[in-house]
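[1] quick one, structure for this:
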Amino acid sequence: MAPVAEGYGGRCPSGHYCENGTIVPSACPAGTHRDLQGGRRREDCAFCPAGWFQDQMGQTECKPCPARFYCPPTLQEAGGVITPLPCPRGYFCPGDAPQDSPVPCPRGTFSSSEGLSRAEECSVCPVGHFCGSDGLTRPSGRCAPGFLCHARAVVPNPTDNTTGSLCPPGAFCQEGVLAGECSPGFYCSGGSTSQEAVLCPAGFYCPRGSHTPFAFPLSSRNTDAPPRGNKPRGLPVVSHW
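    Numbering: from 1, shown residues only. Reported below is the predicted structural model:
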């Protein structure tokens with residue numbers, strides 16, 4: 001027979017438990033609930049499951065965890081969730097995920113802030129950096145020399161021409177960004193890491209920003225000047241007739 005609370009003149013009410021000899025029903029503690037009457041002891045109050053919480057005593061049901069927070073499963077010794085926890089950095093909490101587990105920010109993004117509710121709130125991996133795994137709180141690192149990293153790069157050496165590419169011909173790249181043009185007297189064919197990537201060979205000229213050597217034109221009697229600027233480094237000395 002279920003215990004009777006004398007003050008209530010009937011069965012122990014839901015949201016409470018009534019131990020033998022009790023006069024006043026005991027409220028189920030915060031973090032628990034009981035939706036049936038006739039509770040006999042504290043253990044008859046059920047812990048709030050993952051994704052739910054209860055911040056009040058004597059309740060018949062738990063409350064769903066709101067967006068931007070999560071309510072993790074707890075050990076029985078610790079009791080149920082009383083106060084939702086802020087969604088951790090590197091994750092977002094939409095409030096409708098299975099069992100309210102935080103969802104990691106996807107590759108190509110990160111989050112250094114708590115309390116996100118949507119993937120769109122994760123920060124885009126910035127230019128010159130890559131974000132190579134889920135759930136990052138900061139970018140994985142700088143991109144490799146000789147490569148350009150645009151937004152949302154997921155590897156240090158992207159070649160998809162969307163998140164990044166090889167350093168373009170005629171230029172050199174450091175730490176995932178364009179660092180400048182190739183120096184006069186040198187050429188940069190693509191993926192270069194230095195402004196003096198390859199020395200212009202004899203018989204050719206290389207203006208600033210060259211991606212390939214240009215043949216040095218010779219007349220039968222004299223030497224024509226290069227089309228642009230002064231004679232760059234790396235040119236041979238040509239004798240006149």
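[2] could you work out the end-to-end span of stretch 170-181 for me?
    Using C-alpha to C-alpha, to the nearest Å, the end-to-end distance of stretch 170-181 comes to 6 Å.
[3] buried residues of that stretch, list them for me.
    Neighbour-count burial for stretch 170-181, counted by 16 or more other C-beta atoms under 10 Å, picks out 170-174, 176-177, 179. Heads up, the C-betas are built off the backbone N, CA and C, glycines and all.
[4] ditto for stretch 208-216
    208-211, 213-214, 216.
[5] so for those, which is the shakiest by pLDDT?
    The lowest pLDDT within these belongs to F216, which sits at 74.
[6] now that one: phi and psi?
    Taking degrees, to the nearest 10, you get phi -80, psi 120 for the backbone angles of F216.
[7] ok, it touching F204?
    Yes - the criterion here is C-beta atoms under 8 Å, and F216 meets it with F204 at 5.7 Å.
[8] restricted to strands, list the buried residues of stretch 170-181.
    Using DSSP state E to define strands, the subset of the buried residues of stretch 170-181 located there is 171-174, 177, 179.
[9] how about the residue nearest the centre of the chain, nearest residue that isn't a chain neighbour?
    The chain has F110 as the residue nearest its centroid, 2.0 Å off, counting by C-alpha atoms, centre = their mean. Closest residue to F110 apart from its sequence neighbours, by C-beta to C-beta, 6 or more residues apart in numbering: L136 at 3.9 Å.
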